[in-house]
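Chemist: Need a 3D model of the sequence below.
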Amino acid sequence: MPKRLRNTRNKKAAVSGGEDRLSALPEDVILLLLSFLTSRQAVQMSVLGPRWRALWKSLPSLRFDMGLDHTSRSFHFIESLIRYRDPTTPLLECEILSSDRFSQDIDMCLRYAVSRKVRDLRIKIYSLRYFQLSAGTFFCTHLTRLTLRKVWLDDFYLHVSSCNSLEELEIKRCDINIGDVGTDFPNSLRLLRIRKTNIDPIATRSFITAPGLVTLELAVGYECAPWLKSMPSLVTAFIKIGHKSSFSYCEACEFDDGVLLKGLSGATNLELISVRSMVFRKEIKCYPTFSKLKTLLLSDWCMASNFTGLVYFLQHSPILERFTLQLGRYCEKTQMHEVYPKEQFMVSKHLKAIEITYFQKDVRVDQIVNFLAYHGVHPKLINIERKPYDDCFSFKRKE
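Modeler: Prediction:
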């Protein structure tokens, strides 16, 4: 008998006669393993043995991937899973990955998840078109985390106003309408991420208030940026404006208090990135003071008009401790002469470190060092480092 065939038979005999260690695991561990699978895959695991036949009914999480699961009988599978799932098992997590073509399946999954008081709900559409959610879809007081991708929300206020337990909200590549009046987020909201999203109506910029918000991440075009009205609990904010988007500054946006910076003035950690120098320069005309700011990151926009943005933040951040200047690609047309303000001022006495990063040979680095020295910054506090060009937030560069 060939050696390879003999070894194969020995392995089969060892498996058939050996101990089933997987089935011997505690039920909590097996349920955890099954929770990483799609719901269809979890049900298919019932063929492994008697102990596995009913475990899928007690899973606290559901994952529907219409791209993997969808067949002509997908609707019936979802219907059967909902019917036979253990009604006493709480639904902690529900993830829906789908194309907008399977709207009937998506609606069924959503209705069930909300009826079971789901805690963590993720809807991710991977088609070119948005999937429209009907008003009142998220009337769920138990929802603590909500993630939306490629979703169209025509009346955003109705969707979030009833989620009194919502703590984390992530919106990416969506189209949302916050209404002419604006949107008040629940007091429970602690983390808000809005990325590459159209925020309507553009003609009349509406406000958002989030009294309990601690962390804000906003990456949109300026024409889509909402008016940040009231965020008294804000600690950390990451703001990127105008990235890969056309720039417009409508007449309706000329608020006396500004659109963005007034609402961010109470933050302790702040990052402001923009490919358009005019964006934040218009904002600082409302003269907010950043009395709690300790960590600050700015990009090239603060260098325009003889360091207008840089000067402003150094003057209006009395307890600033760490400052990072992130320089992008240098263009000789933007080269500036060393023109300092007529009135010399001293930077924060709490300042401990300044980091300047640049992408390529950049004469602005020497200008900045001389500028800082002119205003009392000791050279030992300044660290200069050449890094690959990256306009991402600092926490993304560390990942």
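Chemist: Mind checking the pLDDT average for the helix or strand that contains L296?
Modeler: Assigned by DSSP states H and E, L296 belongs to strand 295-299. The average of the pLDDT scores along strand 295-299 is 94.
Chemist: tell me which residues in the helix or strand that comes right after it are buried?
Modeler: Heading C-terminal from strand 295-299, the first helix or strand you meet, by DSSP H and E, is helix 304-315. By 16 or more other Cβ atoms under 10 Å, the buried positions in helix 304-315 come out as A304, F307, T308, G309, L310, V311, Y312, F313, L314, Q315. Using the backbone N, CA and C atoms, a C-beta is placed for each residue, glycine as well.
Chemist: And the pLDDT for the fourth one?
Modeler: The reference is to G309. For G309, pLDDT reads 87.
Chemist: Roughly how far does the nearest residue to it once chain neighbours are set aside sit from I78?
Modeler: Using Cβ to Cβ, 6 or more residues apart in numbering and skipping the chain neighbours, the partner closest in space to G309 is C302 (3.1 Å). C302 sits 52 Å away from I78, going by Cβ to Cβ, to the nearest Å.
Chemist: Ok, F156 next?
Modeler: 27 Å.
Chemist: Do a quick rundown of the strands in the stretch 51-200 of the chain.
Modeler: 61-65, 93-98, 120-125, 131-133, 145-149, 151-153, 168-172, 175-177, 182-184, 191-195, 198-200 (DSSP state E, counting those that start in this stretch).
Chemist: hmm, back to that, tilt between the strand holding L296 and helix 304-315?
Modeler: Interaxial angle of strand 295-299 relative to helix 304-315 (axes from the mean of the first three to the mean of the last three Cα atoms, to 10 degrees): 180 degrees.
Chemist: Burial check on the closest residue to R101 other than its chain neighbours, number of neighbours?
Modeler: Closest residue to R101 apart from its sequence neighbours, by Cβ to Cβ, 6+ apart: S127 at 6.9 Å. By the criterion of other Cβ atoms under 10 Å, S127 has 12 neighbours.
Chemist: Provide a list of residues in contact with S127.
Modeler: S99, D100, R101, K150 (Cβ atoms under 8 Å, 6 or more residues apart in numbering).
Chemist: Model confidence score at it, please.
Modeler: For S127, pLDDT reads 81.
Chemist: any weak-confidence spans in the stretch 251-399 of the chain?
Modeler: 251-258, 276-279, 329-344, 389-399 (pLDDT under 70).
Chemist: Could I get the full set of strands for it?
Modeler: All strands of the stretch 251-399 of the chain, identified by DSSP E, counting those that start in this stretch, fall at 269-274, 295-299, 322-326, 353-358, 382-386.
Chemist: Return the list of helices and strands in contact with the last one.
Modeler: Using 3 or more Cβ pairs under 8 Å, 6 or more residues apart in numbering; DSSP states H and E as the contact criterion, the elements in contact with strand 382-386 are strand 353-358, helix 364-374.
Chemist: where does it sit relative to the chain's centre, distance-wise?
Modeler: 29 Å (Cα atoms, centre = their mean, to the nearest Å).
Chemist: related to what we said a few turns ago, rebuild the buried residues of helix 304-315 as CSV, extending it with distance to E385.
Modeler: Shown next, in CSV, are the buried residues of helix 304-315 (distance: Cβ to Cβ, whole Å):
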residue, distance to E385
A304, 23
F307, 20
T308, 25
G309, 21
L310, 18
V311, 23
Y312, 25
F313, 21
L314, 21
Q315, 26
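Chemist: Among these, which one lies nearest to F280?
Modeler: Lowest distance from F280 to these (Cβ to Cβ) belongs to G309, with 5.9 Å.
Chemist: any idea how far that closest one lies from N164?
Modeler: 39 Å.
Chemist: What's opposite C94 in the beta bridge?
Modeler: Per DSSP bridges, residues listed as beta-bridge partners of C94: L62, L121.
Chemist: so C109 makes contact with M66?
Modeler: No: if you go by Cβ atoms under 8 Å, C109 and M66 don't touch, sitting 9.3 Å apart.
Chemist: Can you report how many residues lie near S99?
Modeler: 18.
Chemist: mind checking pLDDT for it?
Modeler: Looking at S99, the pLDDT reads 81.
Chemist: quick one, phi psi at the residue lying closest to it once chain neighbours are set aside?
Modeler: The shortest distance from S99 to any non-neighbouring residue, by Cβ to Cβ, 6+ apart, is to S127 (4.2 Å). Phi and psi for S127, reported as degrees, to the nearest 10, are phi -90, psi 170.
Chemist: same question, M231
Modeler: According to degrees, to the nearest 10, M231 has phi -140, psi 70.
Chemist: need the contact list for it.
Modeler: Counting by Cβ under 8 Å, 6+ apart, M231 has contacts T209, A210, P211, L213, L216, G263, L264, G266.
Chemist: isn't E217 right next to L192, touching?
Modeler: Yes: between E217 and L192 there is a contact under Cβ under 8 Å: 7.2 Å.
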